[in-house]
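sequence first, then the predicted structure:
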Amino acid sequence: MNNKKTKTVVTAQDVADLAGVSRSAVSRTFTENGSISEQTKAKVLRAAEQLGYQVNFLAQGLNRRRSQLIGVVVAHLSDPFRSSLLEALLSEIKSRGYQALVTEVRKDDDLEDTLRRFTQYRVSGVVVTSGQPPEALVEECLQLSIPVVGINRAINLSKVDVVCSDNQKGAQLAAQQLMSAGCQTIGWLNYKDSTWSGVDRGEHFKAALHDWNQQPAHQLINIKTEQNCYEGARAAAHQLVASGQQVDGVFCATALMACGFLDGMREQGKHAPEDFHLIGFDNTPLTSQYSYQLTTIDHSVKETAEKVLWCLESRANNPELAQRQEQVAVSLLTRHTSP
């Protein structure tokens, strides 16, 4: 049983009650040049420290419930797609008159702390690009009229919107491309502890190959990486060749892993498209470089960012809307690795 209590937001009124002063006295304590006696100020500061009170500086003095900040939760910025997505989000946030408060998280506890901080800053919205936010903290955001949107993840909360690429269509396009190329042994490459989006893409890819896989000469294999990165996929290529397993087509959960797998196969004397066809997911700048020229599933980070901000603003105007699941259109961008 989890006995960990969810920390609630400490308000200025809580500080005032503990210090035995008025709400306005707390406000004056934390306002530059505020008119307040040293004795009262000391009482307020002691109470604030005891309660762990954090001042909502950004909304201080403003006659509104929320700041003009959008909180953005990110992780693994070394991944080119995540960096491109963050850049698009920052641009869209700025174009709509907001400012971004970006926090990188590395573990679940970081995500919890970040969401609590966002509520204390009274952000206008929260965008979660990494991790699974705790239900209690999301509910706290909603109670404070702070809409939450998740990108490329499953969040099963009725009032939290989700924006994701059309994984089903992308998987079908990749499967059709590899089947049209005459591939007989097709591999699906993904991280062993995959994110939701990776799992979703894999399930749709296998479904698209169901009838093809029933034919005796055809085989679908899973290729698992130990690390969710370029090096993990590169190592997986070495292990695949060492095992003696032959593949003539591979679809990867991300473009970064596709690039790693391509380099790993090259090091083993295997080249695309002569020896195998290769398709990634995410059209990052790396994929178009001369050394890769990767065939990939393309989806617009700009469109993703636009849908995210639309969800935030429309839910702020109508908090009781049912959950929306907005899909970003995808297309197959053919290059050298599967022409």
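Looks like it arrived, so ask away.

local confidence estimate at the most centrally placed residue in the chain?
The C-alpha lying nearest the average C-alpha coordinate of the chain belongs to residue 129 (CA atoms, centre = their mean; 2.0 Å). With respect to pLDDT, residue 129 has a value of 85.

phi and psi next, for the residue nearest to it when sequence neighbours are not counted.
Of all residues not flanking residue 129 in the chain, residue 151 sits nearest, at 4.8 Å (CB to CB, 6 or more residues apart in numbering). C-beta here means a position set from N, CA and C on the backbone, and glycine is covered the same way. Dihedral pair for residue 151: phi -110, psi 130, per degrees, to the nearest 10.

can you pull up the bridge partners for residue 151?
When assigned by DSSP bridges, residue 151 has beta-bridge partners residue 163.

is it true that the residue nearest to the centre of the chain touches residue 83?
No - with contact defined as CB atoms under 8 Å, residue 129 does not reach residue 83; the gap is 11.0 Å.

what's the local residue count around residue 155?
For residue 155, the count of nearby residues is 19 (other CB atoms under 10 Å).

verify the stated contact: it with residue 127.
No - with contact defined as CB under 8 Å, residue 155 does not count as touching residue 127 (11.8 Å).

what do these two both touch?
Common contact partners of residue 155 and residue 127 (CB atoms under 8 Å, 6 or more residues apart in numbering): residue 148.

which ones are touching the residue nearest to residue 129?
By CB under 8 Å, 6+ apart, the contact list for residue 151 reads 85, 127-129, 162-164, 304, 308.

for it, give its distance to residue 115.
Counting by CB to CB, to the nearest Å, the gap from residue 151 to residue 115 is 15 Å.

report the rounded mean pLDDT for the helix or strand hosting residue 72.
Here residue 72 is covered by strand 69-74, with elements defined by DSSP states H and E. Averaged across strand 69-74, pLDDT comes to 89.

can you check stretch 42-50 too?
The model assigns stretch 42-50 a mean pLDDT of 88.

what does that stretch contact?
Contacts for stretch 42-50 (CB under 8 Å, 6+ apart): 15-16, 18-21, 25-26, 29, 36, 53.

can you do 7 Å?
Residues outside stretch 42-50 that contact it (CB atoms under 7 Å, 6 or more residues apart in numbering) are 15, 18-19, 21, 25-26, 29.

by neighbour count, which of these wins?
residue 26 (29 neighbours).

so who does that one touch?
When contacts are taken as CB under 7 Å, 6+ apart, residue 26 is in contact with 12, 15-16, 44.

can you give me the strands for the stretch 51-200 of the chain?
Under the criterion DSSP state E, counting those that start in this stretch, strands of the stretch 51-200 of the chain are mapped to 69-74, 99-104, 125-128, 148-151, 161-165, 185-191.

which parts of the helix or strand hosting residue 260 are buried?
Residue 260 is part of helix 255-267, with elements assigned from DSSP H and E. By 16 or more other CB atoms under 10 Å, the buried positions in helix 255-267 come out as 255-265.

assess the claim that residue 165 and residue 330 are in contact.
Yes - using CB atoms under 7 Å, residue 165 is in contact with residue 330, at 5.6 Å.

so what's in contact with these two at the same time?
residue 299.

could you check the pLDDT of the residue nearest to residue 129?
91.

cool, and residue 63?
At residue 63, the model reports a pLDDT of 35.

let's number from 827 now, not from 1
Sounds good: first residue 827 from here, last item residue 889.
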